[in-house]
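[1] I would like to see how this sequence folds:
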Amino acid sequence: MSDFRMRSLQEYFGTITRAAVALISLSVPAGTAYSDPLKFENVAALRAEVISRLKTDSRIKETIPDSDDPARLKVTRQRRSGKDLELQVDVTNLLGRIRDLPAAEAETEIQRFLRVLVLNDTEDGFDAGHLIANIRPREHLSGLESKAATPDAEPVYEDLAGDVVVLYQIDTEDTLASLQFADVGGRSFAQLRQLALENINRQMTQVRQSEILEGISIFTVEGDEAISPALLLTDKFWALLEAQFPGGMLIAIPQRDAVVVLDKRVPNTIQIARALIDKVFEDEPDLLSEYVFERRDGKLLVVAEH
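    Next up is the predicted model:
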């Protein structure tokens, strides 16, 4: 994540968090969120551009936008062998890379992204070195499953908590695609989980923390923001948090490119988290979860707010 993007995210969350505090303590209206003009306002706009360009290539047989997720699309491409390859594509990473770039550099990134989709011709969809276990909204599974022609084409996932699941994905430099059962090669969930968490742990050196208010911080994976929520699946990340927040912490993941951590010692922590999440869901795209979470006995659980 560029310094400018981090400042933008920090300023935006800082604004709405201060507004949330004001709502709770002073009962005044929330402030206006920070925004910055972008070539592509959100993932839906970028997805529309990607689809438009893919349709001009004769090797692309079909592009279908996901009705439940504005960042996702299904691409059917013909391989050299003559067989069709179906890809579940997510443009969240791409938007994270180009949103602060000059127009010419952004165009170069988009073209590289498209070349990977069109020209990559591997017959095996499993790439152990780039497998991750990511956190995604449960509601998006119905869209992925309904589009699967056979059970082998369904996405590989596990239940997590509340309104989110653990979705297994292949995370390359240019794409974030859902893993299908046809690609796992008989590997068990335990084996997939071990591989995925090893890959996420290797990203710990890229974790960036930004304190927006005392006791409230944003954590992201710099350069690969779309996998930031996956940090919540690793013991290494929780060890980092426990050292900083010895009194315990609450977790909010209202968007897909950041984890918000709130120190339980902050007064009215649950109310602040709730106001923060509600504000994001009111104003922002790329939404993930409406719940407040905490970790108990090694498991991510929904916090009872009432």
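
[2] Next, work out how far apart Gly248 and Val303 are.
    Counting by C-beta to C-beta, to the nearest Å, the gap between Gly248 and Val303 amounts to 11 Å. Just so you know, the C-beta spots here come from the backbone N, C-alpha and C atoms, and that holds for glycine as well.

[3] Likewise for Phe181?
    According to C-beta to C-beta, Phe181 and Val303 sit 33 Å apart.

[4] repeat for Tyr168
    Here the distance between Tyr168 and Val303 works out to 26 Å (C-beta to C-beta).

[5] Neighbour count: these two, which is higher?
    Tyr168 (23 against 17; other C-beta atoms under 10 Å).

[6] shared neighbours of Gly248 and Val303, anything?
    Glu294 (C-beta atoms under 8 Å, 6 or more residues apart in numbering).

[7] how about His235, what does it touch?
    For residue 235 the amino acid is Asp, not His. Contact analysis of Asp235 by C-beta under 8 Å, 6+ apart lists Gly298.

[8] Repeat that for Leu197.
    Residues in contact with Leu197 (C-beta under 8 Å, 6+ apart) are 133, 233-234.

[9] My impression was that it belongs to a helix - is that right?
    Yes - the assignment for Leu197, made by DSSP: H, G, I helix; E, B strand; the rest coil, places it in a helix.

[10] ok, it to Phe181 distance?
    To Phe181, Leu197 is 20 Å away according to C-beta to C-beta.

[11] One more: Asp100?
    With distances defined as C-beta to C-beta, the gap from Asp100 to Phe181 amounts to 37 Å.

[12] more crowded one of those two?
    Set Asp100 next to Phe181 and count neighbours by other C-beta under 10 Å: Asp100 wins out with 17 against 14.

[13] Secondary structure element holding that one?
    According to DSSP states H and E, Asp100 maps onto no helix or strand at all.

[14] Now do the same for it: its pLDDT.
    Per-residue confidence for Asp100 comes out at a pLDDT of 78.

[15] ditto for Thr17
    Thr17 is given a pLDDT of 65.

[16] Could you pull out the strands in the stretch 1-150 of the chain for me?
    Counting by DSSP state E, counting those that start in this stretch, one finds strands in the stretch 1-150 of the chain at the ranges 60-65, 72-78, 84-90, 131-137.

[17] Single out the most deeply packed of these.
    Most buried of the strands of the stretch 1-150 of the chain, by mean neighbour count (mean count of other C-beta atoms under 10 Å): strand 131-137, with a mean of 24.

[18] That strand pairs with which strands?
    strand 164-171 (antiparallel) (DSSP bridges).

[19] Could you figure out how far the partner strand is turned away from strand 84-90?
    Here strand 164-171 runs at an angle of 120 degrees relative to strand 84-90 (axes from the mean of the first three to the mean of the last three C-alpha atoms, to 10 degrees).
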